[in-house]
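J.: Below: sequence and its predicted model.
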Amino acid sequence: MLLALVAMARCRRAALSPPAMLKLLSGKTVGVDSTTLEADAAMKSIIRRDRGADWQAYVTRLMREDGAIAPNEDPTDEDVRRFDRSRKDKKVSNDMWVSPTDPDAPGQLAGLMFGNAFKRR
């Protein structure tokens with residue numbers, strides 16, 4: 001417990017020292033705003049580039065091919081998530097999946113994270 005408190009204090013000090021040095025912050029109180037998001041929300045909204053199928057339809061097809069469900073059976077959302085978690089050769093790459101609302105979103109996010117958002121591709 002003490003180690004966790006020391007680590008939290010060091011992280012807070014490291015996060016607040018650059019703004020404090022630039023005189024962007026004054027005082028001792030800092031507020032943090034956050035929200036909880038559904039962990040699989042992104043998986044529900046992406047579609048396959050090659051077939052145009054969404055994630056649930058894709059995993060349902062894999063379940064039928066694997067024999068986990070009958071050909072005419074519709075699995076529940078929980079069945080689909082459980083099967084997807086247990087798959088061994090699972091890949092979710094930008095080459096296979098795309099966001100229907102913003103096809104360039106993954107590349108832009110990665111570029112911003114790694115500082116190369118404005119480099120020519």
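T.: Yep, that arrived. Numbers count the residues shown, from 1 in each chain.

J.: Residue 65: how many residues sit nearby?
T.: Residues lying near residue 65 (other Cβ atoms under 10 Å) number 9. Yep, even glycine has a C-beta here, placed from its N, CA and C like the rest.

J.: Give me the buried positions along the helix or strand where it lies.
T.: Element membership of residue 65, judged by DSSP states H and E, is helix 55-66. Of the residues in helix 55-66, those buried under the neighbour-count criterion (16 or more other Cβ atoms under 10 Å) are 55, 58-60, 63.

J.: Contacts for that helix, please.
T.: 43-44, 46-48, 51, 53, 69-71, 74-75, 77, 79-80, 83-84, 87, 97 (Cβ atoms under 8 Å, 6 or more residues apart in numbering).

J.: Could you list the low-pLDDT ranges of this protein?
T.: 1, 11-12, 14-27, 30, 36-42, 105-121 (pLDDT under 70).

J.: any chance you could map the helices in it?
T.: Secondary structure of the chain, counting by DSSP state H: helices at 2-21, 41-45, 55-66, 77-86, 105-114.
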